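**Q** Can you look at this prediction? I've put the sequence above it.
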Amino acid sequence: MKLGWILLFLSFNALALECGNIPEGTVVRLDQGNGTLAKAAVQDQDGIGSCYVNQASLMLQSTLPGNPNISYLSLGVFYANDVNLPNQREKGNKKYTVPEKKADNTVVEDGSTAIDAGSGCRAINNAVERQKKTGIGSLCRTQDVALEHNFFDQQGNYQDPGFIQDKSMLQASRFMNAYQKVFGYAFEKDKKIQEKREEADKFSLALRNFVKGQSDDYFEKKCVNKDPAILINAVQDSLIRAAAKKIDCFSPQMFIPDNTRDQVCKSFKKVGILLLNDKKNSKVTAYLNADVKEKIKKDMSTFYQSKGGYGDMLNKLREFYRSFAAGNQSQKDSFVDLMMTSLSPEHNGKLEDSYKQVALGQIDKCKTDNMLSFFKDKQEFLEKAKQDSILCNYMDILEGTSDLAGVLPQGAFTNMSSFLDFITAKAGLNYDDAMLALIASDCPPEKRIKVPATLRCESVRMSYDTQDFAGSVPSKDATKVILENRTKMFEGLKKGIGTGIDICTKFWKDDSYDFNKEDPKTRSSTCKSTGLHGFHAITVIGYRCKNNRIEYLSQNSWGPNWNLDNKSYEIENGKIWMDEDKIHMNLDNINYLSQ
């Protein structure tokens with residue numbers, strides 16, 4: 001009997017450190033084939049501290065019918081509104097901003113952004129409870145949240161290298177705090193609140209009248225402007241695409257020789273300087289000749305003279321190309337046809353929009369696309385506002401308006417009215433709704449996704465004792481924990497459900513570090529203050545058996561190009577493979593979804 005217990009103990013250790021009954025080479029992934037996360041976007045939240053709701057959104061996506069991409073920003077804001085902000089009104093609206101220490105050691109109180117969502121499980125469970133209370137779906141699709149879908153790349157992943165989400169959230173919070181200092185906080189109940197609200201209404205009306213009076217002239221000038229760059233870029237791109245179809249024009253030295261006998265090739269040289277960068281892949285670089293650019297600028301008005309339709313502009317473009325064509329009539333036709341058919345859909349669309357705006361006066365689309373630019377030109381905007389007898393008293397707020405417009409992506413608000421609502425009607429007296437207007441303006445209640453009422457997220461805290469790791473191999477208790485979690489994660493992955501893990505990432509920088517081997521009294525503060533990032537939330541979306549070790553695939557939220565200086569980790573498209581034991585040695589919480 002004693003021998004049986006010894007063998008059982010040894011098998012526990014072997015299973016924890018090895019693949020056990022999982023065959024070598026086995027790979028299970030939710031992000032490939034028909035997996036529940038095969039169409040999941042790799043998120044890029046760098047700068048806004050939302051990793052817990054990034055984790056929550058991915059876990060939810062893996063369980064919902066159709067597996068839609070879920071907005072992490074709306075999840076975070078819903079949680080902040082429901083749980084955090086109501087209890088912090090007397091402190092002001094600081095839940096979206098955190099202090100930041102500068103290089104000179106000065107501290108800016110609202111220097112950076114952080115969406116405090118508590119944890120992935122809290123955000124998910126709050127979404128369920130919110131839905132029960134309101135009867136309204138509590139999830140937004142990513143496509144309905146401008147501060148996310150504006151950053152999709154061609155592969156369907158997020159790219160926000162300019163930290164625009166961070167800047168937008170930060171400037172929005174700064175603006176609303178400044179607004180409330182003037183017009184009153186929502187929690188105020190003093191006698192002056194009615195007076196402040198009347199003052200806010202007066203400001204709002206004055207601003208709307210000002211914008212209505214000034215914006216028409218502004219957009220009339222901006223949208224009917226004959227911009228040579230639109231045509232220059234279209235011609236240059238067409239030249240590149242056309243030359244890529246005639247690689248035989250290029251010499252072994254990768255340029256078109258002066259003595260070429262091909263008349264189309266000669267025509268190319270009359271339009272620009274071309275270099276063949278990669279013959280195998282037909283990659284060409286082109287620069288328009290100075291006389292070609294000058295002719296475009298000189299003849300700009302002729303492209304917009306006819307009111308007969310966009311086809312007239314294209315006919316003018318054909319005439320323009322013919323003026324540079326070499327050879328006989330047939331050879332000239334070949335060059336012109338090649339250039340015209342090489343006009344890309346992107347540049348064709350820009351030319352058509354330009355024609356409709358300038359020649360036909362159709363500027364509604366231009367106004368929508370450039371709505372925020374009216375406020376972005378701070379000097380012109382503020383100078384004109386100073387001349388208004390009411391607005392001149394609120395220059396700090398108007399300066400904040402310009403700063404906010406300067407960082408928002410154009411698609412954040414679809415029209416002038418919605419932006420004015422954000423900075424007036426919703427800004428100070430209803431802070432929560434204002435942030436939702438910024439985050440989820442295109443996600444009204446009727447478009448929201450409902451969470452299954454039975455869905456529940458359980459967060460399990462890792463509570464090892466230091467003595468568990470006295471030797472080089474984890475003790476039986478720690479090994480048992482690893483095995484239990486392996487079983488639960490495998491069960492979840494078999495059902496297509498991702499598992500959230502909260503880790504101390506110091507081991508990404510220092511291979512020798514293990515969070516759970518540190519002194520329990522000090523390890524949390526050590527993790528926060530040292531290492532690569534401190535505590536972080538990611539999502540397990542697969543596993544494999546490699547070299548008789550179990551490794552888990554986890555999706556991060558730092559963009560598809562994220563990588564580590566530590567090259568011992570295999571990272572692909574924002575996802576990282578990590579050893580099972582190493583994860584557990586640095587695991588703080590593990591989050592399981594169930595229905």
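**A** Structure received.
**Q** Quick one: low-confidence residue ranges for the chain.
**A** 1-17, 46-47, 84-96, 116-118, 153-155, 185-191, 425-434, 463-476, 529-533 (pLDDT under 70).
**Q** Could you spell out which stretches of it belong to which domain?
**A** Split into domains by automatic domain parsing, the chain comes to 2-30+454-594, 228-362.
**Q** Can you lay out these as CSV showing distance to Q143 and mean neighbour count?
**A** Where you see a C-beta, it was placed from the backbone N, CA and C, and this is true even at glycine. As requested, those are arranged in CSV below (distance: least, CB to CB, whole Å; neighbours: other CB atoms under 10 Å):
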stretch, distance to Q143, mean neighbour count
domain 2-30+454-594, 18, 17
domain 228-362, 21, 16
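**Q** Any chance of TSV for the ones you listed, columns distance to D110?
**A** Formatted as TSV, the domains of the chain follow (distance: least, CB to CB, whole Å):
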stretch	distance to D110
domain 2-30+454-594	21
domain 228-362	38
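**Q** Mind jotting down where the strands sit in the stretch 51-200 of the chain?
**A** 97-101, 107-113 (DSSP state E, counting those that start in this stretch).
**Q** what comes up buried for the longest one?
**A** To tie it back to what came earlier, the one meant is strand 107-113. For strand 107-113, a neighbour-count test (16 or more other CB atoms under 10 Å) marks D110, S112, T113 as buried.
**Q** now those residues in CSV, with distance to G498?
**A** Output for the buried residues of strand 107-113, formatted as CSV (distance: CB to CB, whole Å):
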residue, distance to G498
D110, 34
S112, 29
T113, 26
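**Q** one step back: which one of the domains of the chain lies closest to E100?
**A** Set against E100 and scored by CB to CB, these come closest in domain 2-30+454-594, at 15.2 Å.
**Q** Distance from that closest one to the middle of the chain?
**A** When distances are taken as CA atoms, centre = their mean, to the nearest Å, domain 2-30+454-594 is centred 28 Å away from the chain's centroid.
**Q** Over to stretch 356-368?
**A** 29 Å.
**Q** Same question for stretch 365-377.
**A** For stretch 365-377, the distance to the chain centre is 21 Å (CA atoms, centre = their mean).
**Q** what's the closest of the domains of the chain to I397?
**A** Closest to I397 of the domains of the chain is domain 228-362 (CB to CB; 32.2 Å).
**Q** What is the end-to-end distance of that closest one?
**A** Using CA to CA, to the nearest Å, the end-to-end distance of domain 228-362 comes to 19 Å.
**Q** just stretch 140-151 next, same as before
**A** 16 Å.
**Q** For it, list every residue counted as buried.
**A** In terms of neighbour count (16+ other CB under 10 Å), stretch 140-151 has its buried residues at C140, R141, T142, D144, V145, A146, L147, E148, H149, N150, F151.
**Q** For the first one, which residues are in contact?
**A** Read it as C140. C140 sits next to I70, S71, S74, A440, C443, K447, R448, I449 when contact means CB atoms under 8 Å, 6 or more residues apart in numbering.
**Q** and if we set it to 10 Å?
**A** In this structure, C140 makes contact with 57, 68, 70-75, 77-78, 148, 436, 439-440, 442-444, 447-449, judged by CB atoms under 10 Å, 6 or more residues apart in numbering.
**Q** before we move on, what about the fifth one?
**A** When contacts are counted by CB under 10 Å, 6+ apart, V145 is found next to 69-74, 77, 412, 438-443.
**Q** Inside helices: which ones of those?
**A** Of the positions in the contacts of V145, Y72, L73, S74, V77, L438, I439, A440 sit in helices, assigned by DSSP state H.
**Q** how about the strands of the stretch 51-200 of the chain in JSON lines, adding distance to L564?
**A** As requested, the strands of the stretch 51-200 of the chain are arranged in JSON lines below (distance: least, CB to CB, whole Å):
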{"stretch": "strand 97-101", "distance to L564": "25"}
{"stretch": "strand 107-113", "distance to L564": "23"}
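**Q** Which among these is found nearest to D278?
**A** The nearest among the strands of the stretch 51-200 of the chain, by CB to CB, is strand 107-113 at 41.6 Å.
**Q** Which single strand of the chain contains the most residues?
**A** strand 535-546 (DSSP state E).
**Q** picking up where we left off before, and the furthest pair within the ones in helices among the contacts of V145?
**A** So, the ones in helices among the contacts of V145 by CB to CB: farthest apart are Y72 and L438, at 14.6 Å.
**Q** and those two? which has more neighbours close in?
**A** Applying other CB atoms under 10 Å to Y72 and L438 shows that Y72 carries more neighbours, namely 30 against 25.
**Q** now that one: how far from Q379?
**A** The gap separating Y72 from Q379 is 36 Å, by CB to CB, to the nearest Å.
**Q** measure stretch 215-234 end to end?
**A** End-to-end span of stretch 215-234 (CA to CA): 29 Å.
**Q** Tell me how many other residues surround E198.
**A** 11.
**Q** ok, back up a step: so can I have CSV of the ones in helices among the contacts of V145 showing distance to D337?
**A** Formatted as CSV, the ones in helices among the contacts of V145 follow (distance: CB to CB, whole Å):
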residue, distance to D337
Y72, 49
L73, 48
S74, 50
V77, 53
L438, 49
I439, 49
A440, 48
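**Q** quick one: which of those residues is nearest Y513?
**A** Distances from Y513 to these, taken as CB to CB, are shortest for Y72 (28.2 Å).
**Q** list the contacts for the closest one?
**A** The contact partners of Y72, taken as CB under 10 Å, 6+ apart, are 43, 45, 48, 50-58, 60, 115, 117, 123, 140, 142, 145, 148, 158, 557.
**Q** Just the ones in helices from the residues you listed, please.
**A** Per DSSP H, the contacts of Y72 map to helices at C51, Y52, V53, N54, Q55, A56, S57, L58, L60, A123, E148.
**Q** Give me the buried subset of those.
**A** C51, Y52, V53, N54, Q55, A56, S57, L58, L60, A123, E148.
**Q** Among those, which one lies nearest to T479?
**A** Q55 (26.0 Å).
**Q** where's that closest one relative to C19, distance?
**A** Going from Q55 to C19 by CB to CB gives 26 Å.
**Q** Touching, L408 and K376? I think so.
**A** Yes - using CB atoms under 10 Å, L408 is in contact with K376, at 9.2 Å.
**Q** of the two, who's got more company?
**A** Neighbour count, other CB under 10 Å: between L408 and K376, L408 has more, with 24 against 16.
**Q** quick one: contacts for the more buried one?
**A** Neighbouring residues of L408 by CB under 10 Å, 6+ apart: 146-147, 150, 164, 167-168, 171-172, 371-372, 375-376, 419, 422, 438.
**Q** contacting residues around whichever strand or helix holds L382?
**A** Using DSSP states H and E, the element containing L382 is helix 378-386. Helix 378-386 has contacts (CB under 10 Å, 6+ apart) with 206-207, 210-211, 213-214, 218, 373-375, 377, 391-392, 394-395, 398-399, 401-403, 405-406.
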